[in-house]
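> Prediction below, plus the sequence it came from.
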Amino acid sequence: MENEWSLIGTQMRGTFLASQVDRANRNLFCVGLALILAVGAYGAFQWKYFYNFFKGPSDIEVNSLSLINNPESLLRYFVTIKGEDSLDTGLQDVERTESQSGVVQSETVKAEYAILVLGKRLLIVKRNPKDDGKEYHGAITELPTDVHSKIVTPLLGEYPNADSVFLPLMLDATGFRSDGYVALAIGLPVLLFAAWLIRKVAQRRNDPLSHPIFKAASRYGSLVDIAQQIDLELKGNAGRLCGAIVTPSWVLVKGMFSCAVFHIPDVVWAYKKVTKHSVNFIPTGKTYSTLMFDRYGVSLEMDEKRDKTDAVLTMLGEKTPWAVFGYSDELKKIAQENWSGFVAAVDARRIGA
């Protein structure tokens, strides 16, 4: 393949088809690179979290906890804390599902709040339901105002020194690594997909003839001849229809990563496809497209408004009057069961035209 490309590469340089291959490769590479950069940017933004995620919880003593003024300044905030006792406060985070009328249909306890006894100091712990141990792994955070008001404030009347006994911190032990596992479950496949895209670009650049655009054009004959013919017609009588570039002999539809190449004289069947749409069985409209097949069984679908779809069929009818136009289940069955016979019948019509 490399030797073959070395023979025709010079002749292909600067042609419309070669420019489309370069564009498709460039777009594919940019998407792969963008995905890698996006994952890298997220990892950089959350670097402290992932540092703690992979390092694991570090042991911390009550004396060290007492010295913390700002949990956000900590490098290692994923910790293990072991207390002397654990007391349930009765405070819970509850998720409720309500009907449209406001009736509670279900309740789920998402977390509970406990008080961990650390010698002469107390630490509020947000823990998973029914987790009543004395040792917890979690993230050190600031004590939320609403949690303070519901647990500490009611004690001030009877225990005026409660504020000084409670650490101004909270340990969130409800699953520190959960977000990291989700990020890895998404990020790793994205990185693998991005690497696959970039590898595909590299393979196509090393073997240009394997690119789908070149392969699609090659089914009609010599790639160099096809490329030169397309360029010649593009310089002459070329226009646009339904988002496609239409020349006397070609329909060229550019996509972000592709370019469909259709030789009009080889079209053997074309019809208007109408798709009805509905929501909850209520009709919401119709979409129209032109579906055409060439003699090799390759199809091209062009979506447009109804009048533009009719214009495409009119154009095809003028250029290929021997082709079959319109749809029926019988035509579809014949084409599926005996495509070569279907093409032969169209060729016979063409000879007789």
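Here it is on my side, so go on. Since the structure is predicted, the reported quantities are computational estimates derived from the model, not experimental observations. Residues are numbered from 1 along each chain as shown.
> Is it correct that Tyr136 is in contact with Thr80?
Yes - using CB atoms under 8 Å, Tyr136 is in contact with Thr80, at 7.3 Å. All C-beta spots, glycine's among them, are computed from the backbone N, C-alpha and C.
> Confirm that Ser164 sits in a strand.
No - counting by DSSP: H, G, I helix; E, B strand; the rest coil, Ser164 is not found in a strand; it is helix.
> Tell me where the model's unsure across the stretch 151-300 of the chain.
Along the stretch 151-300 of the chain, segments meeting pLDDT under 70 span 280-281, 283.
> so which strand or helix has the residue nearest to Thr247 when sequence neighbours are not counted?
Nearest non-adjacent residue to Thr247, counting by CB to CB, 6 or more residues apart in numbering: Glu233, 3.6 Å away. Using DSSP states H and E, Glu233 sits within helix 223-235.
> Would you mind listing the buried residues in the helix or strand containing Ala183?
Using DSSP H and E, Ala183 maps to helix 178-206. For helix 178-206, the neighbour count (16 or more other CB atoms under 10 Å) marks Gly180, Ala183, Gly187, Leu191, Ala194, Leu197, Ile198, Lys200, Val201, Arg204 as buried.
> just checking, next helix/strand downstream of that helix?
With elements assigned by DSSP H and E, the helix or strand that comes after helix 178-206 is helix 212-218.
> mind listing what's buried in that following helix?
Ile213, Phe214, Ala216, Ala217, Ser218.
> repeat for stretch 165-176
Under the neighbour-count criterion of 16+ other CB under 10 Å, stretch 165-176 has Phe166, Leu167, Pro168, Leu169, Met170, Leu171, Asp172, Ala173, Thr174, Phe176 buried.
> can you check stretch 231-244 too?
With burial defined by 16+ other CB under 10 Å, the residues of stretch 231-244 counted as buried are Asp231, Glu233, Cys242, Ala244.
> what two of the residues you listed have the greatest distance between them?
The most widely separated members of these are Asp231 and Cys242, with 22.1 Å between them, by CB to CB.
> Phi, psi for the residue of the chain most remote from its centre please.
In the chain, counting by CA atoms, centre = their mean, Glu158 sits farthest out from the average C-alpha position, at 56.8 Å. Main-chain dihedrals, Glu158, degrees, to the nearest 10: phi -90, psi -30.
> State the distance from it to Val152.
12 Å (CB to CB, to the nearest Å).
> ditto for Ser64
For Ser64, the distance to Val152 (CB to CB) stands at 21 Å.
> and the one residue sitting closest to the centre of the chain, what does it touch?
Nearest to the geometric centre of the chain sits Val190, at 8.6 Å (CA atoms, centre = their mean). The contact partners of Val190, by CB atoms under 8 Å, 6 or more residues apart in numbering, come to Leu35, Ala38, Val39.
> let's see 10 Å
Taking CB atoms under 10 Å, 6 or more residues apart in numbering as the criterion, Val190 is in contact with Leu35, Ile36, Ala38, Val39, Tyr42.
> Filter those down to the buried ones, PyMOL style.
Selecting only the buried entries of the contacts of Val190 in PyMOL, with 16+ other CB under 10 Å as the criterion:
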select buried, resi 35+36+39
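> Can you flag which of the contacts of Val190 belong to helices?
Using DSSP state H, the members of the contacts of Val190 that fall in helices are Leu35, Ile36, Ala38, Val39, Tyr42.
> roughly how far apart are His263 and Pro321?
Look at His263 and Pro321: by CB to CB, they are 16 Å apart.
> out of these two, which sits in the busier spot?
It is His263, of His263 and Pro321, that has more neighbours when counted by other CB atoms under 10 Å, with 19 against 11.
> That one touches Arg219, doesn't it?
Yes - using CB atoms under 10 Å, His263 is in contact with Arg219, at 8.6 Å.
> Spit out the residues that contact these two alike.
Ile226, Asp294, Arg295, Tyr296.
> biggest separation within the residues you listed, which pair?
The span of these, defined through CB to CB, is set by Ile226 and Arg295 at 15.1 Å.
> How about stretch 150-162, which residues are buried there?
Judged by neighbour count using 16+ other CB under 10 Å, the buried positions of stretch 150-162 are Ile151, Val152, Ala162.
> Next, Phe262: secondary structure please.
Under three-state DSSP, the three-state class of Phe262 is strand.
> ok, now Gln105?
Classified using three-state DSSP, Gln105 is strand.
> what sits against Leu33?
Per CB under 10 Å, 6+ apart, neighbours of Leu33: Ala194, Leu197, Ile198, Val201.
> list the buried ones in the helix or strand where it lies?
Assessed by DSSP H and E, Leu33 sits inside helix 16-45. Residues of helix 16-45 classed as buried: 16-18, 20-21, 23-25, 27-29, 31-32, 35-36, 39 (neighbour count, 16+ other CB under 10 Å).
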